[in-house]
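*Asks:* what shape does this take:
(6 chains)
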4 protein chains.
Amino acid sequence: MKEQQLLKSFNRLSPDKQNRILDASIKEFSEHGYQIASMNRVVDSAGIAKGSLFNYFNTKSSLFIYIYGLALENVKDYLRTVKDKTKEDSFFIRLEKIMLAGVAFIQDHPRLSRIYFRMLYTTDSPHSKEILPELRKLSGGYLTEIIQDGINRNELDKNLDIEKTVFILDSVLNRFLKVSHESQNTINAKHWVESLCRIFKNGMAYK
Amino acid sequence: MKEQQLLKSFNRLSPDKQNRILDASIKEFSEHGYQIASMNRVVDSAGIAKGSLFNYFNTKSSLFIYIYGLALENVKDYLRTVKDKTKEDSFFIRLEKIMLAGVAFIQDHPRLSRIYFRMLYTTDSPHSKEILPELRKLSGGYLTEIIQDGINRNELDKNLDIEKTVFILDSVLNRFLKVSHESQNTINAKHWVESLCRIFKNGMAYK
Amino acid sequence: MKEQQLLKSFNRLSPDKQNRILDASIKEFSEHGYQIASMNRVVDSAGIAKGSLFNYFNTKSSLFIYIYGLALENVKDYLRTVKDKTKEDSFFIRLEKIMLAGVAFIQDHPRLSRIYFRMLYTTDSPHSKEILPELRKLSGGYLTEIIQDGINRNELDKNLDIEKTVFILDSVLNRFLKVSHESQNTINAKHWVESLCRIFKNGMAYK
Amino acid sequence: MKEQQLLKSFNRLSPDKQNRILDASIKEFSEHGYQIASMNRVVDSAGIAKGSLFNYFNTKSSLFIYIYGLALENVKDYLRTVKDKTKEDSFFIRLEKIMLAGVAFIQDHPRLSRIYFRMLYTTDSPHSKEILPELRKLSGGYLTEIIQDGINRNELDKNLDIEKTVFILDSVLNRFLKVSHESQNTINAKHWVESLCRIFKNGMAYK
DNA sequence: GATGAATGAGATTTCATTCAT
DNA sequence: AATGAATGAAATCTCATTCAT
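*Replies:* From the prediction side, this is the model:
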């Protein structure tokens, strides 16, 4: 309830001020991670008083959680959108489109992406113990649905161990997006995606 | 040369003291990562004077690099050993054994493993810009050799795109070991490994 | 701009607190010079928290520069005042008055004087490479004007090498003031000044 | 007696080692002054054990005093030599030669010169309270003799106030040498010396 | 005589948070 | 609601000196 009130307080600010604060916070957390991020730098770069920031967000931790929530909302939106858009595609085409949409998302939201990747790979944030499983469950559930669709349409092997298949796709997808993020999209994404999906489809064994 | 002298200085210490310092440092870096790791805590937990630690390692950064080097040596040893031991095995058997050996390594060296995983996934360490590619090259080269062996023996598809295959195996392997590390080996590793390799072998498509 | 803000921050303090901080800083820098001066001692002697001092002045260096600026302003004021007051005097009378006014200045501002002398003679301060020439130019320009006045009024030798004359007067003046400062004004300033000026006037040669 | 023993201990070292230590010490004190000079850097740069340096010189302070004594001996030698060499010259010629010899000394011994100038102008060394008057007395006595010679030969005004004349010459001489030292001898020393001496000789007044 | 490991005080600076105005 | 002064703990690192070997 208190928290609610605080956010109300933040939400009542002028959009311009809200944006300055969000920009500064996203920048800070994406560049430094949670622990090293500095509230001092946030207020300096947002051009507000130090006390004000603590009026809107009681603690550094709660500011972070707010920012993290934003990043998560964005990711969820993207996942939902791309799922809907590819409803009619066959499984492997759909997978390709999902991966390429991820690359595009990273290009459009580099700093939010960085926060998202940090959450996936570090443990220095508040609630990180709860966040990581939450994220894994999110992408796991998502891929499970896609795979189930593929099975239902007779595009995937009926005897597939779904849990392991999800694991493989999730691992490769995340790593691919991370590399794409780190390399600042200089790789040929389309070619990579096609090659990876071909291997998923056919396996590696000699035929 | 100066560096050499410093390490000499550390190496001249009694093995007991060396171990106390290494234990404390590994613990600190594995629990907190580079930036948050505290030299104060290291000296407290090693039971030495603050000045002494800085006599052995000029800076926090150089202590970290030393510890990182240790972790890397251990990983390299393990990789070499398991490759030699599995020379005669067919590709997918070999892959299974490598993965299971990784799980065993993590059980035996939980803190070094954590440092290794940190290096793979964070960017807050000195030289991390150089370290990550170095590690990727290490595991990439390793897997390339294993795959090439498999192709030479007609166990793998001759038309495989090796680079992408390495990418897939590396992603899944790392993620699997990371999960195994995080879950403290409570999962059924053998079952997982078999299932994952079966999918690698056969692919996901309906037949 | 940031600097501006910081000074604002300091200027907003109560005059009493400002003075305690200035007193403590001037004392510290005048007694120890820049490098040995200790921010710890400053906060202790000013009776403020360590963090506070760094709120007002980001760094030791910027505190020093502020204090140095104060000293410089005081010196410039004194120079301007005494020049105006002695407009009508003949050259050597004027010179005497300037020197005696310097002695008085030192008596009134012993610690600022010490900082000023430190800047003239040491190289351990930030920007000291730029400061020394700045100070030399200040006193050089000043003396040049005085001398030029003397020449215009036919009180000084028309063939004087002005640059060298400035050099001589500057050297002796500074040394005289420094000695006066070190001896805590126990010498007979008036007598010294008269004697020195007589030699300047007549030279040393046998006539 | 203890001190004596220590120096004996230092003097018994091989000339090579002595020189390495002296070089390192002179470098350190000339670059940093007494307080900032670091015994650690001295041993590093001399390539000896830390304990050894403290065997030869009990304390940082006594090392400094030894080095300072060296610088002083060098200066005294130079003063004696140039005085003897110019016995036959008339006063103002002699003065010119003394000044130019000073410039040459600085060129030959830049680091000892720096230590000497530091002693003249800073107060951060042990015994600096006693050292400064000692140095002033040294150069004062020296100039007094030279001036007295000039008076005896009827080259200088018999009514000169010797004390003040010494003061003027000492001030200008020191400042001139300091500037020469700082400018790394890029000024035209001969021209400066002649001009300065001409003014000393004739005075500044309109004739 | 030579060595260098050991020490702990002290240096500057950053930090999240509080609270009176 | 907004402000920014105040705080002291904690960070990394340097230092001259001692002393057992």
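
*Asks:* what's A:Asn185 sitting at in phi/psi?
*Replies:* Note on A:Asn185: backbone dihedrals following degrees, to the nearest 10 are phi 60, psi 30.

*Asks:* can you check A:Ser30 too?
*Replies:* phi -70, psi -30.

*Asks:* could you do A:Leu156 as well?
*Replies:* Residue torsions, per degrees, to the nearest 10, at A:Leu156 are phi -120, psi 150.

*Asks:* that one: what's it in contact with?
*Replies:* Applying C-beta atoms under 8 Å, 6 or more residues apart in numbering or on different chains to A:Leu156 gives the contacts A:Phe91, A:Ile147, A:Gly150, A:Thr165, B:Met204, B:Ala205, B:Tyr206. All C-beta spots, glycine's among them, are computed from the backbone N, C-alpha and C.

*Asks:* just the buried ones from the residues you listed?
*Replies:* The neighbour-count test (16 or more other C-beta atoms under 10 Å in any protein chain shown) marks A:Phe91, A:Ile147, A:Gly150, A:Thr165, B:Met204, B:Ala205 as buried among the contacts of A:Leu156.

*Asks:* looking at those, spot the one nearest A:Arg80.
*Replies:* A:Ile147 (17.1 Å; C-beta to C-beta).

*Asks:* thinking again about what came up before, and the buried ones among the contacts of A:Leu156, which of them are in helices?
*Replies:* A:Phe91, A:Ile147, A:Gly150, A:Thr165 (DSSP state H).

*Asks:* can you list those in TSV and add distance to chain B and pLDDT?
*Replies:* Formatted as TSV, these follow (distance: C-beta to the nearest C-beta, whole Å; pLDDT from 0 to 100):
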residue	distance to chain B	pLDDT
A:Phe91	8	96
A:Ile147	8	96
A:Gly150	8	95
A:Thr165	6	97
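
*Asks:* make CSV out of the buried ones among the contacts of A:Leu156 and add distance to chain C.
*Replies:* CSV is the format used below for the buried ones among the contacts of A:Leu156 (distance: C-beta to the nearest C-beta, whole Å):
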residue, distance to chain C
A:Phe91, 56
A:Ile147, 54
A:Gly150, 57
A:Thr165, 55
B:Met204, 57
B:Ala205, 61
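
*Asks:* before we move on, the earlier item: go through the contacts of A:Leu156 and name the one nearest D:Phe64.
*Replies:* A:Thr165 (75.6 Å).

*Asks:* which ones are touching that closest one?
*Replies:* Taking C-beta under 8 Å, 6+ apart, one finds A:Ile147, A:Leu156, B:Ile199, B:Met204 in contact with A:Thr165.

*Asks:* with A:Tyr68 instead?
*Replies:* A:Ile115, A:Met119, A:Ser125, A:Ile131.

*Asks:* put the alpha carbons of the one helix or strand the first one maps to into CSV.
*Replies:* Pointing back at A:Ile115 there. Using DSSP states H and E, A:Ile115 sits in helix A:110-121. C-alpha atoms of helix A:110-121 as CSV (Å, rounded to 0.1, in the frame of the first residue of the first chain):
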residue,chain,number,x,y,z
PRO,A,110,19.6,-1.9,-26.1
ARG,A,111,19.6,-0.7,-22.5
LEU,A,112,16.5,-2.6,-21.5
SER,A,113,18.0,-5.6,-23.1
ARG,A,114,21.1,-5.2,-21.1
ILE,A,115,19.1,-5.1,-17.9
TYR,A,116,17.3,-8.2,-19.0
PHE,A,117,20.5,-10.0,-19.7
ARG,A,118,22.0,-8.9,-16.4
MET,A,119,19.0,-10.4,-14.6
LEU,A,120,19.6,-13.7,-16.5
TYR,A,121,23.2,-13.9,-15.6
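
*Asks:* buried residues, it. List them.
*Replies:* A:Arg111, A:Leu112, A:Ser113, A:Arg114, A:Ile115, A:Tyr116, A:Phe117, A:Arg118, A:Met119, A:Leu120, A:Tyr121.

*Asks:* got those residues as a markdown table, with distance to DNA strand F columns?
*Replies:* Formatted as a markdown table, the buried residues of helix A:110-121 follow (distance: C-beta to the nearest atom of the strand, whole Å):
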| residue | distance to DNA strand F |
| --- | --- |
| A:Arg111 | 24 |
| A:Leu112 | 25 |
| A:Ser113 | 29 |
| A:Arg114 | 24 |
| A:Ile115 | 24 |
| A:Tyr116 | 28 |
| A:Phe117 | 25 |
| A:Arg118 | 21 |
| A:Met119 | 24 |
| A:Leu120 | 26 |
| A:Tyr121 | 22 |
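
*Asks:* where exactly do the helices run in chain A?
*Replies:* A:2-11, A:15-36, A:39-46, A:50-56, A:60-85, A:91-108, A:110-121, A:128-152, A:162-182, A:189-202.

*Asks:* is it possible to get JSON lines of these that adds distance to DNA strand E?
*Replies:* Shown next, in JSON lines, are these (distance: least, C-beta to the nearest atom of the strand, whole Å):
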{"stretch": "helix A:2-11", "distance to DNA strand E": "12"}
{"stretch": "helix A:15-36", "distance to DNA strand E": "7"}
{"stretch": "helix A:39-46", "distance to DNA strand E": "4"}
{"stretch": "helix A:50-56", "distance to DNA strand E": "4"}
{"stretch": "helix A:60-85", "distance to DNA strand E": "3"}
{"stretch": "helix A:91-108", "distance to DNA strand E": "27"}
{"stretch": "helix A:110-121", "distance to DNA strand E": "16"}
{"stretch": "helix A:128-152", "distance to DNA strand E": "16"}
{"stretch": "helix A:162-182", "distance to DNA strand E": "24"}
{"stretch": "helix A:189-202", "distance to DNA strand E": "36"}
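
*Asks:* which among the ones you listed is found nearest to B:Lys85?
*Replies:* helix A:162-182 (25.4 Å).

*Asks:* any chance of the helices of chain A in TSV, with distance to B:Ala189 too?
*Replies:* Formatted as TSV, the helices of chain A follow (distance: least, C-beta to C-beta, whole Å):
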stretch	distance to B:Ala189
helix A:2-11	41
helix A:15-36	31
helix A:39-46	43
helix A:50-56	47
helix A:60-85	30
helix A:91-108	27
helix A:110-121	22
helix A:128-152	18
helix A:162-182	13
helix A:189-202	23
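
*Asks:* where among those is average confidence lowest?
*Replies:* Among the helices of chain A, helix A:2-11 has the lowest mean pLDDT, at a mean of 69.

*Asks:* once you drop chain neighbours, what's closest to the residue in chain A that chain B sits nearest to?
*Replies:* For chain A, the residue positioned closest to chain B under C-beta to the nearest C-beta is A:Gly203, at a distance of 3.0 Å. In this structure, A:Gly203 finds its nearest non-sequential neighbour in B:Gly203, 3.0 Å apart by C-beta to C-beta, 6 or more residues apart in numbering or on different chains.

*Asks:* repeat for A:Tyr142
*Replies:* A:Tyr142 sits nearest to A:Leu79 (C-beta to C-beta, 6+ apart), 5.5 Å away.

*Asks:* can you count the residues close to the residue nearest to A:Leu138 when sequence neighbours are not counted?
*Replies:* In this structure, A:Leu138 finds its nearest non-sequential neighbour in A:Lys76, 7.2 Å apart by C-beta to C-beta, 6+ apart. The burial count assigned to A:Lys76 is 12, neighbours taken as other C-beta atoms under 10 Å in any protein chain shown.

*Asks:* domains of chain A?
*Replies:* A:1-58, A:67-207 (automatic domain parsing).

*Asks:* what about the longest one, distance to the chain center?
*Replies:* What separates the centre of domain A:67-207 from the centre of its chain is 10 Å, taken as C-alpha atoms, centre = their mean, to the nearest Å.

*Asks:* what distance separates the start and the end of it?
*Replies:* Chord length of domain A:67-207, first to last residue, is 50 Å (C-alpha to C-alpha, to the nearest Å).

*Asks:* find the closest residue to chain C in chain A.
*Replies:* For chain A, C-beta to the nearest C-beta, closest residue to chain C: A:Asp44, 8.2 Å.

*Asks:* that residue and DNA strand F, how far apart?
*Replies:* Distance of A:Asp44 to DNA strand F, computed by C-beta to the nearest atom of the strand, to the nearest Å: 11 Å.
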